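1. missing the sequence, but the structure's below:
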Ligand SMILES: NC(=O)C1=CN([C@@H]2O[C@H](COP(=O)(O)OP(=O)(O)OC[C@H]3O[C@@H](n4cnc5c(N)ncnc54)[C@H](OP(=O)(O)O)[C@@H]3O)[C@@H](O)[C@H]2O)C=CC1
Ligand SMILES: O=C(O)C1=N[C@H](C(=O)O)C[C@H](O)C1
């Protein structure tokens, strides 16, 4: 069996630890490296011990030494951007899962994908990426409704999430706007705002408890409403998707890839 070696960037984080745990059950994968910032207090410690998996013989590193076949990144926008530059310089393949990028940061990553293979997705979840296809279909089907269709996106995440709205919500909004033509993206509402313009997509971010991720896309018509909801039950839906992405990306030429590519959803 061909074995793909992976390195986990942000390895001690909520997602990094789940990627390590899920990889440990997949004989076609081998964790050969794990990374955190160089000043992390656990540098040098066995990352399996940190993740509660027992010793796996992979010390937590602050730098990329002997590279794995694919690096999986669940970290922060700043560290992801720097990582994408290193991957471009060294020709290292990257599954980029971090969210919360600025426009300028997104441009740096897009440029890096001209020099190496990067699979970049705000959600690695199979169900979320299928929901994105459903939402695209709904938008195309509803775009010419004469009385108008109001689209609002509601996302729910745990209290620890540091960006809002979620990268997934923003991607859903891009998909809707591409199919229906909205040009204004409105984040929350307050005050005496007047009647809702038809050219808006509204975004609403809930932060409660330990919700691992839930998205509802509301298509509001006169007389009826269509809602598409997808919710995660555990972070392993994202971790397993990231591992699928890594296996897909191994050996691929430079370029920017999506989860739809990895999941065969582009047909
Ligand atoms: N695409 C997808 O399917 C999903 C994407 N995400 C996204 O992934 C990101 C991480 O989420 P989550 O795991 O919950 O967050 P955490 O904060 O739990 O994990 C982030 C990890 O990155 C580490 N980190 C910070 N700076 C660096 C650096 N310079 N080099 C290496 N590692 C660094 C952090 O270390 P320290 O704590 O010491 O700062 C931490 O271990 C978020 O942007 C989130 O939106 C989350 C789930 C699914
Ligand atoms: O921070 C999280 O947890 C998640 N973030 C991603 C996003 O911002 O879309 C993906 C998922 O919803 C979980």
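-> In hand now; what should we look at? Note that the structure is predicted; figures quoted are calculated from it, not measured. Numbers count the residues shown, from 1 in each chain. Ligands and ions are numbered 1, 2, ... in the order given.

2. how about the residues of the protein by ligand 2?
-> 99, 122-123, 157, 161, 166-168, 213 (Cβ under 6 Å from any ligand atom). C-beta: built from backbone N, CA, C; applies to glycine.

3. ok, the residue of the stretch 1-150 of the chain found nearest ligand 1 to residue 76 distance?
-> At 2.2 Å from ligand 1, residue 13 is the closest residue in the stretch 1-150 of the chain, using Cβ to the nearest ligand atom. Look at residue 13 and residue 76: by Cβ to Cβ, to the nearest Å, they are 9 Å apart.

4. just residue 118 next, same as before
-> Residue 118 is 17 Å from residue 76, by Cβ to Cβ.

5. try residue 242
-> 16 Å.

6. which one of those two is surrounded by more residues?
-> The neighbour count for residue 242 versus residue 76, taken as other Cβ atoms under 10 Å, is higher for residue 242 (29 against 17).

7. so the more buried one makes contact with residue 19?
-> Yes. Look at residue 242 against residue 19 with Cβ atoms under 8 Å: they come within range, at 5.8 Å.

8. overlap in contacts, the two.
-> 72, 74 (Cβ atoms under 8 Å, 6 or more residues apart in numbering).

9. am I right that residue 132 falls within a helix?
-> Yes. When DSSP: H, G, I helix; E, B strand; the rest coil is applied, residue 132 is found to be in a helix.

10. in the chain, which spans are strands?
-> Secondary structure of the chain (DSSP state E): strands located at 4-9, 29-35, 60-61, 70-73, 93-96, 117-120, 150-157, 184-187, 200-207, 214-220, 225-231, 255-257.

11. tell me who's in contact with the nearest residue to residue 129 once chain neighbours are set aside.
-> Closest residue to residue 129 apart from its sequence neighbours, by Cβ to Cβ, 6 or more residues apart in numbering: residue 259 at 4.8 Å. Residue 259 is in contact with 119, 121, 123-124, 129, 241, 245, 265, counting by Cβ under 8 Å, 6+ apart.

12. follow-up on the earlier one: turn the strands of the chain into CSV, including mean neighbour count.
-> Below are the strands of the chain laid out as CSV (neighbours: other Cβ atoms under 10 Å):
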stretch, mean neighbour count
strand 4-9, 25
strand 29-35, 22
strand 60-61, 20
strand 70-73, 27
strand 93-96, 28
strand 117-120, 25
strand 150-157, 22
strand 184-187, 14
strand 200-207, 18
strand 214-220, 20
strand 225-231, 15
strand 255-257, 16
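
13. where does the stretch 151-267 of the chain have low pLDDT?
-> Nowhere does the stretch 151-267 of the chain drop to pLDDT under 70.

14. relative to ligand 1, which residue of it is the closest?
-> residue 238 (3.7 Å).

15. pretty sure that residue contacts residue 245?
-> No. The pair residue 238 / residue 245 is not scored as a contact, 10.3 Å apart, by Cβ under 8 Å.

16. need the strands of the chain in JSON lines (columns: distance to ligand 1).
-> Output for these, formatted as JSON lines (distance: least, Cβ to the nearest ligand atom, whole Å):
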{"stretch": "strand 4-9", "distance to ligand 1": "5"}
{"stretch": "strand 29-35", "distance to ligand 1": "5"}
{"stretch": "strand 60-61", "distance to ligand 1": "10"}
{"stretch": "strand 70-73", "distance to ligand 1": "8"}
{"stretch": "strand 93-96", "distance to ligand 1": "8"}
{"stretch": "strand 117-120", "distance to ligand 1": "9"}
{"stretch": "strand 150-157", "distance to ligand 1": "8"}
{"stretch": "strand 184-187", "distance to ligand 1": "17"}
{"stretch": "strand 200-207", "distance to ligand 1": "12"}
{"stretch": "strand 214-220", "distance to ligand 1": "12"}
{"stretch": "strand 225-231", "distance to ligand 1": "12"}
{"stretch": "strand 255-257", "distance to ligand 1": "13"}
